[in-house]
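Undergrad: Here is my input; please provide its structure:
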Amino acid sequence: MAADGLIDRYLDAFGRSVRSRRDRDDLVDEVADHLHSAAERLESLGIDSATAQRRALARFGEPRLVASLITAVPSKGNFMPLFFSRHLGAVAAVAGVLWIAAAVAAFFGMTEGLGGWTQERYLVSSVVIALAVLATVAALIGVNLRATGQFDGSTVAIASIGAAAVVASLVLSWVVAIWIPLLAVAVTWTMVRAWRTHAGSRAFALVLIVTMPVFAVLAVLSNLVEGFLEASTGTDLLGWAVFSGMALILAAGLVDLAVRLVRRVAHSRAAIA
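TA: Residues are numbered from 1 along each chain as shown. Predicted coordinates for the structure are as follows:
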């Protein structure tokens with residue numbers, strides 16, 4: 001039997017066991033995510049795919065038993081915060097697109113390029129940047145929940161730091177030395193947790209762990225250079241270059257996350273169709 005068929009058959013049995021639940025799709029998505037994540041963690045340790053999936057299924061338990069335990073919880077229970085789990089892929093995709101839009105908007109709103117700076121352009125760029133940060137923070141919360149399975153103290157702290165970054169990016173978007181380091185802390189902390197638990201793409205987790213602190217330092221330096229040179233011609237482009245570089249890295253990581261989750265959900269839905 002193909003390795004994928006092991007989890008597919010489990011999901012089919014589980015889906016039939018909880019078919020009376022209004023949140024059936026949410027529960028199936030959650031179980032599928034748990035099983036695939038557990039299998040990926042085992043594979044990262046050198047275990048072959050088929051064996052990893054068998055062990056993940058054995059540890060999770062017989063589908064009817066799991067379904068009976070979950071059925072004891074009301075439909076709006078807290079098996080895992082379902083909003084973040086169900087919509088993480090969509091939020092990540094939106095955040096990725098917003099970072100591309102923010103990089104473009106910032107060129108017109110934070111530099112003298114193409115017609116000179118105007119307050120209207122600046123306000124538009126500030127809103128787009130803040131929306132990108134907000135969507136990213138929502139995605140970070142979802143990644144933390146995937147990594148740990150609970151809304152723990154670290155997740156709350158990361159969400160708080162992210163909220164501060166959202167406010168700072170909206171009110172003081174040109175001062176990248178404030179909000180980029182805040183966002184860098186939230187992203188790096190989340191990626192370290194994801195790396196340790198083998199949640200998501202380890203390649204992108206490593207890239208973000210390495211690059212986000214670098215962008216935080218560069219953001220501070222770019223604002224210092226602008227201050228010393230009194231924002232002479234070209235210094236505004238330095239801050240934009242740092243910002244756009246960070247935006248592209250984040251966009252790539254978020255889109256990769258979204259694609260992975262969409263494929264996983266589609267596969268899980270096909271297994272129980």
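Undergrad: From V175, how far out is V242?
TA: Distance of V242 to V175, computed by Cβ to Cβ, to the nearest Å: 12 Å. Placement of C-beta: from N, CA and C, glycine included.
Undergrad: Which one of the two is surrounded by more residues?
TA: V242 (23 against 15; other Cβ atoms under 10 Å).
Undergrad: my read: the more buried one touches S222, true?
TA: Yes. Using Cβ atoms under 8 Å, V242 is in contact with S222, at 5.1 Å.
Undergrad: Overlap of the contact sets of the two?
TA: Common neighbours of V242 and S222 are listed as V176 (criterion: Cβ atoms under 8 Å, 6 or more residues apart in numbering).
Undergrad: Need the nearest residue in space to A241, chain neighbours excluded.
TA: Nearest non-adjacent residue to A241, counting by Cβ to Cβ, 6 or more residues apart in numbering: S222, 7.9 Å away.
Undergrad: tell me the phi and psi of the one you found?
TA: Main-chain dihedrals, S222, degrees, to the nearest 10: phi -60, psi -40.
Undergrad: Do you know the pLDDT at it?
TA: Note on S222: pLDDT of 85.
Undergrad: Would you agree it is in contact with L238?
TA: Yes. With contact defined as Cβ under 8 Å, S222 counts as touching L238 (4.7 Å).
Undergrad: Neighbour count: the two, which is higher?
TA: Taking other Cβ under 10 Å, S222 and L238 do not tie; S222 has more neighbours (22 against 18).
Undergrad: ok, that one - contacts?
TA: Going by Cβ under 8 Å, 6+ apart, S222 touches 176-177, 235, 238-239, 241-242.
Undergrad: do W195 as well
TA: 202, 205-206, 209.
Undergrad: what about the helix or strand encompassing E120, distance to the chain center?
TA: For E120, the host element (DSSP states H and E) is helix 119-148. Distance of helix 119-148 from the chain centroid (Cα atoms, centre = their mean, to the nearest Å) equals 10 Å.
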